[in-house]
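S.K.: Show me how the following folds:
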Amino acid sequence: MTTALGEKIKTIIQANGPISVTDFFSLCLADPEYGYYRTREPFGRAGDFVTAPEVSQLFGEMIGVFVVHAWQRHGTPSGARLVEIGPGRGTMMSDMLRVISRLAPPLFESMTIHLVETSERLRDIQKEALSQYGGKIAWHEDFDDVPPGFVLVAANELFDAIPIRQFVKTATGFRERMVGLDANDELSFGVGVAGIDPALLPDQAQTMPVGTLFEISPARQSVMLALCNRLKAFGGTALAIDYGHLVTGFGDTLQAVRMHEFDPPLAHPGEADLTSHVDFQALSETATASGLHVNGLLHQGDFLVGLGILERAAALGRDHTAHTQGIIQTAVDRLAGEGEGRMGQLFKVMAVSSPAVDLMPFRPVD
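M.R.: Okay, the predicted model is just below:
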């Protein structure tokens with residue numbers, strides 16, 4: 001079975017030759033006619049995948065606790081900009097705001113809320129979810145449109161949806177991985193002529209076997225840079241949560257998810273969500289090079305437990321039936337636990353700030 005976008009991509013390849021993985025990734029997610037985020041309802045039970053805020057209100061509540069803590073460590077500035085980039089259905093922001101309004105009324109009353117969202121359809125869903133906060137919220141196409149001022153940024157599963165470039169080790173060095181057509185005119189992976197600056201490869205590149213893949217994402221680094229520049233100019237903290245690895249390495253992490261199942265990345269362009277693992281070491285190095293303080297990198301489970309998710313879950317379950325308590329416990333396991341189907345270890349959390357402040361639950365970086 002082919003898709004409308006699959007046919008469009010084949011036509012592009014027939015006219016111009018193979019396209020890079022990064023161009024394929026961009027077309028799959030953002031093609032104006034058939035792109036996944038333009039045409040699909042990706043989130044929730046009926047969508048293709050479930051994000052952490054959809055699992056339980058506890059996730060957004062813990063992010064709210066972190067935001068209040070960061071604001072306090074920065075000296076409780078008035079008129080903060082609370083920004084979420086890629087706010088999904090508005091669930092996380094709704095849970096955050098409930099906690100912020102309760103824990104820190106002065107922050108809640110003086111701040112403005114900014115949602116960076118390109119999808120018109122998702123904006124409508126967010127407006128409904130956040131209708132009680134009406135006048136406090138502004139929507140923006142681009143992070144650069146957020147007005148000047150001290151900023152607190154949350155980005156959950158933002159970086160994994162930003163395209164990567166892939167390079168394959170050949171007998172003559174690393175070459176860019178491309179998407180072309182096979183003998184049956186079906187989409188297939190191949191290798192192009194473009195190389196990569198060896199300085200960008202990890203040290204052990206020389207010893208890796210032919211066929212080894214290396215991923216790099218200049219697009220993710222430029223988003224990180226925009227965040228850093230903003231924090232440097234006006235002060236604040238940014239929190240990024242995504243699945244990925246803490247140390248730069250090798251391997252193919254490009255994956256498609258369709259109806260909660262993994263799908264071959266080339267199988268259903270435009271009808272599956274395309275992502276890849278985030279290289280947190282690369283993002284951290286970008287932040288440090290920009291002069292920002294990296295508070296640290298943690299597994300999501302350690303981050304949530306450090307902020308008090310177990311205590312909050314117990315309080316939430318108190319005075320409820322054993323059945324309800326079981327549901328809450330299952331959600332905590334999924335968010336903070338380890339192993340198959342759980343997010344606690346697979347997902348990583350990074351916080352960066354300017355000026356340097358020590359933030360819980362990250363341990364101070366020497």
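S.K.: Tell me the bridge partners for the closest residue to residue 356 other than its chain neighbours.
M.R.: The spatially closest residue to residue 356, leaving aside those adjacent along the chain, is residue 293, at 3.5 Å (CB to CB, 6 or more residues apart in numbering). Yep, even glycine has a C-beta here, placed from its N, CA and C like the rest. Per DSSP bridges, the residues bridged to residue 293 are residue 353.
S.K.: is it true that residue 293 touches residue 355?
M.R.: Yes - with contacts counted by CB atoms under 8 Å, residue 293 reaches residue 355, the gap being 7.2 Å.
S.K.: Please, where are all the helices along the stretch 1-150 of the chain?
M.R.: 4-16, 21-30, 36-39, 52-55, 57-73, 91-103, 105-110, 120-129 (DSSP state H, counting those that start in this stretch).
S.K.: Out of those, which gets nearest to residue 261?
M.R.: helix 36-39 (15.3 Å; CB to CB).
S.K.: quick one: average confidence on that closest one?
M.R.: Average pLDDT, helix 36-39: 69.
S.K.: Kindly report the same for stretch 250-260.
M.R.: Stretch 250-260 shows a mean pLDDT of 86 in the predicted model.
S.K.: Outside of that stretch itself, list whatever touches it.
M.R.: 21, 25, 48-50, 164, 166, 202, 204-205, 208, 212-215, 262-265, 267-268, 271-277 (CB atoms under 8 Å, 6 or more residues apart in numbering).
S.K.: One more pass at 7 Å, please.
M.R.: With contacts defined as CB atoms under 7 Å, 6 or more residues apart in numbering, stretch 250-260 is touched by 21, 48-49, 166, 208, 212-215, 262-265, 267-268, 271-277.
S.K.: Now the buried members of those residues.
M.R.: 21, 48-49, 166, 212-215, 263, 265, 267-268, 271-277 (16 or more other CB atoms under 10 Å).
S.K.: Which of the residues you listed fall in strands?
M.R.: Among the buried ones among the contacts of stretch 250-260, DSSP state E puts 166, 213-215, 263, 273-275 in strands.
S.K.: In a markdown table, list those along with pLDDT.
M.R.: As requested, those are exported to a markdown table (pLDDT from 0 to 100):
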| residue | pLDDT |
| --- | --- |
| 166 | 95 |
| 213 | 95 |
| 214 | 95 |
| 215 | 94 |
| 263 | 86 |
| 273 | 84 |
| 274 | 86 |
| 275 | 87 |
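S.K.: ok, back up a step: would you single out the least confident of the helices of the stretch 1-150 of the chain?
M.R.: helix 52-55 (a mean of 64).
S.K.: Show the low-confidence segments of the stretch 151-300 of the chain, by residue range.
M.R.: Counting by pLDDT under 70, the stretch 151-300 of the chain shows low-confidence ranges at 260.
S.K.: so is the nearest residue to residue 153 once chain neighbours are set aside in a helix, a strand, or just coil?
M.R.: Excluding its sequence neighbours, the residue lying closest to residue 153 (CB to CB, 6+ apart) is residue 238, at 3.9 Å. Following DSSP: H, G, I helix; E, B strand; the rest coil, residue 238 is assigned to strand.
S.K.: give me every residue that touches residue 238.
M.R.: 153, 227, 231, 352.
S.K.: How many neighbouring residues does residue 318 have?
M.R.: Neighbour count for residue 318, taken as other CB atoms under 10 Å: 8.
S.K.: how near is it to residue 311?
M.R.: Noted for residue 318: a distance of 11 Å to residue 311, by CB to CB, to the nearest Å.
S.K.: thought residue 290 was touching residue 228?
M.R.: Yes - distance between residue 290 and residue 228: 3.8 Å, which falls inside the contact criterion (CB atoms under 7 Å).
S.K.: Brilliant, that's me finished.
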